[in-house]
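Asks: Curious how this folds, go ahead:
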Amino acid sequence: MLENKNTENTSLESLGEFGLIEHLTKNFTLKNESSIKGIGDDAAVLDFKENKAVISTDLLIEGVHFDLSYMPLKHLGYKSVMVNLSDIYAMNAKATQVTVSIAVSNRFPLEALEEFYSGVELAAEIYNVDVVGGDTTSSTKGMLISITAIGESKEEDITYRNGARPNDLLVVSGDLGAAYCGLQVLEREKEVFKVNPNSNPDLSMYTYIVERQLKPEARRDIVELLKTLDVKPTSMIDISDGLSSEILHLCKQSGVGCNLFEDKIPLDPTVIAACEEFNIDSTLVALSGGEDYELLFTIDQKEFLKIKGNPNLTVVGHMTDQNEGAHLISRNNSKIPLTAQGWNSFSND
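Replies: The predicted structure is shown next:
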């Protein structure tokens, strides 16, 4: 993906750090009232007035979090922003600013970074956030990305992980497992390409799951939907590491147990088909696949009628007393303890 048909690539050395920052950020303009000063000074200046600031940051490393053999740089820029905005929306807050820092080796020309920043720019435009700062530096190998997202919310609207209570309903947005299935397709085609560089894969039947891996969307719409429905979640988290890991986070932080019903887990038909093709269990994929960036939250039972029948939301279980533990209720009504099998960046596997 790094090969550019245009051989007239521009070395980063020719611009220098400040010239590079100025070049890559020249198209960013400020859209939010809370953005007083953006790029161009020693620090950004933000003013949230009576609201609380919400801040999250993520580090993405080439070879650990992304593979440039099948991840286009524009998609990577977009996804890097989504990963962080998702954390802000998981606090039931409005995302308003991001900072973008990258370190790259000398194998990356200016044109490659322009592609990456065009993805950042598209994400900022669609989600109405301001890029207000960051840094660029050199790396001895590969690419490292660090993005910080900043948001705002009224104090009473902020939703933490620790507010779930026994008998609260457990709700998830969208469908699960697609990003993991998309990754399996991309990894398979990568192996095929190694053997036959002239192969031209037809991924049309995998469009949905591949897009969920390469270009996920943060669920700002769900935060807005809940406000419209006048529903305040009692706890919330985004699904980055797999459904089971995130449920266990809510249980631990809130001091509750949970019953998750296998037959309620929302799966897209393309995910079910891909799981059959790859001979993997679709429930396991939903529980442990990760990178779905859907929102998982709990609500008081009395709020159920407000969300009932909404195509964006699925009730997948309920919270219990802590001493009952966290369980998956299988399709044959077996009670299986939930374990955190989500993705672990420190695993050697």
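Asks: so L243 makes contact with V285?
Replies: No - in terms of CB atoms under 8 Å, L243 does not count as a neighbour of V285; the distance is 9.7 Å. In short, each C-beta sits where N, CA and C put it, glycine included.
Asks: Now for those two: what residues contact both?
Replies: Residues touching both L243 and V285 (CB atoms under 8 Å, 6 or more residues apart in numbering) are L176.
Asks: Point out where the stretch 201-349 of the chain drops to low pLDDT.
Replies: Residues of the stretch 201-349 of the chain that meet the criterion pLDDT under 70 lie in 341-349.
Asks: tell me the strands in it, going along the chain?
Replies: 235-238, 256-261, 295-299, 313-321, 326-329, 335-337 (DSSP state E, counting those that start in this stretch).
Asks: winner for burial among the ones you listed?
Replies: A comparison of the strands of the stretch 201-349 of the chain by mean neighbour count, using mean count of other CB atoms under 10 Å, puts strand 295-299 on top with a mean of 27.
Asks: So what are the sheet partners of that one and their directions?
Replies: strand 169-173 (antiparallel), strand 235-238 (antiparallel) (DSSP bridges).
Asks: could these go into CSV alongside distance to K308?
Replies: CSV is the format used below for the strands paired with strand 295-299 (distance: least, CB to CB, whole Å):
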stretch, distance to K308
strand 169-173, 10
strand 235-238, 19
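Asks: Relative to I265, which of those strands is closest?
Replies: strand 169-173 (7.9 Å; CB to CB).
Asks: Contacts for the closest one, please.
Replies: 219, 222, 233, 239, 243, 247, 258, 260, 265-266, 294-301, 303-304, 307, 312-319.
Asks: And stretch 82-100, end to end?
Replies: The first and final residues of stretch 82-100 sit 12 Å from each other (CA to CA, to the nearest Å).
Asks: Okay, domains of the chain per the record?
Replies: Domains of the chain are assigned by automatic domain parsing as 15-157, 169-337.
Asks: could I get these as TSV with distance to G163?
Replies: Below are the domains of the chain laid out as TSV (distance: least, CB to CB, whole Å):
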stretch	distance to G163
domain 15-157	11
domain 169-337	4
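Asks: Helix, strand or coil: sort out the residue nearest the centre of the chain for me.
Replies: The centroid of the chain falls nearest to V83 when counting by CA atoms, centre = their mean (3.4 Å). Look at V83: counting by DSSP: H, G, I helix; E, B strand; the rest coil, its state is helix.
Asks: in this structure, which spans are helices?
Replies: 16-24, 73-89, 110-126, 178-195, 207-214, 220-228, 243-254, 269-278, 282-288, 304-307 (DSSP state H).
Asks: Identify whichever of those helices lies nearest to I329.
Replies: Of the helices of the chain, nearest to I329 by CB to CB is helix 282-288, at 11.4 Å.
Asks: Quick check: which of the domains of the chain is nearest to N9?
Replies: So among those, domain 15-157 is nearest, using CB to CB, at 3.5 Å.
Asks: Quick one: end-to-end length of the closest one, please.
Replies: 45 Å.
Asks: what's around S334, how many residues?
Replies: 10 (other CB atoms under 10 Å).
Asks: Report the contact partners of it.
Replies: Counted by CB under 8 Å, 6+ apart, S334 has zero contacts.
Asks: Look up how far H327 lies from it.
Replies: 9 Å (CB to CB, to the nearest Å).
Asks: Name the residues that touch stretch 127-137?
Replies: Contacts of stretch 127-137 (CB under 8 Å, 6+ apart): 17, 20-21, 24-25, 28-32, 35, 37-39, 43-44, 46, 81, 85, 95-104, 120-121, 123-124, 149-150, 218, 220.
Asks: closest to V192 out of the strands paired with strand 295-299?
Replies: If we rank the strands paired with strand 295-299 by CB to CB, the stretch that ends up nearest is strand 235-238, at 32.6 Å.
Asks: Need the contact partners of that closest one.
Replies: 86-87, 89-92, 159-164, 168, 218-219, 246, 249-250, 253-254, 293-298.
Asks: picking up where we left off before, so the residue nearest to the centre of the chain is in contact with T57, correct?
Replies: No - using CB under 8 Å, V83 makes no contact with T57, being 10.2 Å away.
Asks: Give the residues shared as contacts by those two.
Replies: By CB under 8 Å, 6+ apart, the residues touching both V83 and T57 are I147.
Asks: For S35, the count of nearby residues, please.
Replies: 20.
Asks: Not counting residues beside it along the chain, what's closest to it?
Replies: D130 (4.4 Å; CB to CB, 6 or more residues apart in numbering).
Asks: Same check on T57?
Replies: T148 (4.2 Å).
Asks: check contacts around that neighbour.
Replies: Contacts of T148 by CB under 8 Å, 6+ apart are I55, S56, T57, N84, V98, T99.
Asks: Just the ones in strands from those residues, please.
Replies: Under the assignment DSSP state E, the contacts of T148 contribute I55, S56, T57, V98, T99 to strands.
Asks: Pull out the buried members of those.
Replies: For these, a burial check counting by 16 or more other CB atoms under 10 Å picks out S56, V98, T99.
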